[in-house]
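Undergrad: my questions are about this predicted structure, shown below with the sequence.
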Amino acid sequence: MVDWYRRKTWTKTDEEEFFAKLSRARKDGRAQYLKIQAIELVATKDKKLLKIAETLLNKMLTEYPDDNFNKGSALHTLGNIYRELEEEKTAIDYYKKALDFEIVYPNVKTQAYLDYSELIIKTNKTSSFGELEKILLERQPKLLFPIEKYKVNSILSIINKFNGNKELANLYAGLAEQNATAEISGLRYHKNLGVVKERETWLDQLL
């Protein structure tokens, strides 16, 4: 039995049942239920359901503005929605909002920095390369998984190549390759967690 806030469909019945359950839920948990339900709908990649997810997240942000625990994730997910809808400028704006909020409320971190980075590179927004490099260099020492290290070092290499820093570009490219081919994560009990299973063709081509 699927939890009432993890539906992959959104019929009239789904909507009515969800909001009936939501109204009976504890007030301090409602923002989280709205967020989780939105994320489940985003995972379907169905355009109609993406718009429903957008509505749920905006409802969460409007009605529970002080819920800092879920806010960053909601902003990140809105970025994902607009990326799926191919509204890249709006997606970048929401990823940036998520990152800015993480500075104010650092207790909860998302993957917004990585999605933001990839979209800046994909759209060739070179005016943001300086700011992007700063964000990635701050994150780099704390990265845990090979897949993150692969992507971050790839992007740092691309930025330095653009800036004419060939030595640094080659250094980061080497680190990216090292992590792309890593067979274990380095974690004691989860050796295969976060390893690169499928390389990003577009990223490798830019390198």
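TA: Here it is on my side, so go on.
Undergrad: wait, residue 139 sits on residue 149?
TA: No. Using Cβ atoms under 8 Å, residue 139 is not in contact with residue 149; the gap is 10.3 Å. Bear in mind the C-beta positions are built from the backbone N, C-alpha and C, glycine included.
Undergrad: which of those two has more neighbours?
TA: Neighbour tally, residue 139 and residue 149, criterion other Cβ atoms under 10 Å: the higher count belongs to residue 149, 20 against 15.
Undergrad: which residues touch the closest residue in space to residue 85 that isn't next to it in sequence?
TA: Distances taken as Cβ to Cβ, 6 or more residues apart in numbering place residue 50 nearest to residue 85, at 6.1 Å, with adjacent residues excluded. When contacts are counted by Cβ atoms under 8 Å, 6 or more residues apart in numbering, residue 50 touches 41-42, 81, 84-85.
Undergrad: packing partners of the helix-or-strand element of the chain with minimal mean pLDDT?
TA: Ranked by mean pLDDT, DSSP states H and E, the weakest helix or strand in the chain is helix 201-206, scoring a mean of 89. With contacts taken as 3 or more Cβ pairs under 8 Å, 6 or more residues apart in numbering; DSSP states H and E, helix 201-206 sits against helix 112-122, helix 146-162.
Undergrad: identify all contacting residues around the shortest one.
TA: It stands for helix 112-122. Applying Cβ under 8 Å, 6+ apart, the contact partners of helix 112-122 are 72, 75-76, 79-80, 83, 88, 91-92, 95-96, 98-99, 102, 128-129, 132, 135-136, 139, 148, 151-152, 155, 158, 202-203, 206.
Undergrad: quick one: average pLDDT of whatever helix or strand comes next after that helix?
TA: Following helix 112-122 in sequence order, the next helix or strand is helix 129-139 (DSSP states H and E). What helix 129-139 shows for mean pLDDT is 96.
Undergrad: hmm, residue 41 is touching residue 53, no?
TA: Yes. The pair residue 41 / residue 53 is scored as a contact, 4.1 Å apart, by Cβ under 8 Å.
Undergrad: returning to that earlier point: for residue 192, find the nearest of the helices and strands packed on helix 201-206.
TA: helix 146-162 (10.1 Å; Cβ to Cβ).
Undergrad: show me what that closest one is packed against.
TA: Under the contact criterion of 3+ Cβ pairs under 8 Å, 6+ apart, helix 146-162 touches helix 112-122, helix 129-139, helix 166-180, helix 201-206.
Undergrad: which other helices and strands does the third one contact?
TA: Under the contact criterion of 3+ Cβ pairs under 8 Å, 6+ apart, the helices and strands touching helix 166-180 comprise helix 146-162.
Undergrad: kindly recompute the last result at 10 Å.
TA: Helices and strands touching helix 166-180, by 3 or more Cβ pairs under 10 Å, 6 or more residues apart in numbering; DSSP states H and E, are helix 146-162, helix 201-206.
Undergrad: who touches both of residue 41 and residue 53?
TA: 10, 77, 81 (Cβ atoms under 10 Å, 6 or more residues apart in numbering).
Undergrad: kindly reformat these as TSV containing secondary structure and distance to residue 65.
TA: TSV is the format used below for the shared contacts of residue 41 and residue 53 (DSSP: H, G, I helix; E, B strand; the rest coil; distance: Cβ to Cβ, whole Å):
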residue	secondary structure	distance to residue 65
10	coil	25
77	helix	16
81	helix	20
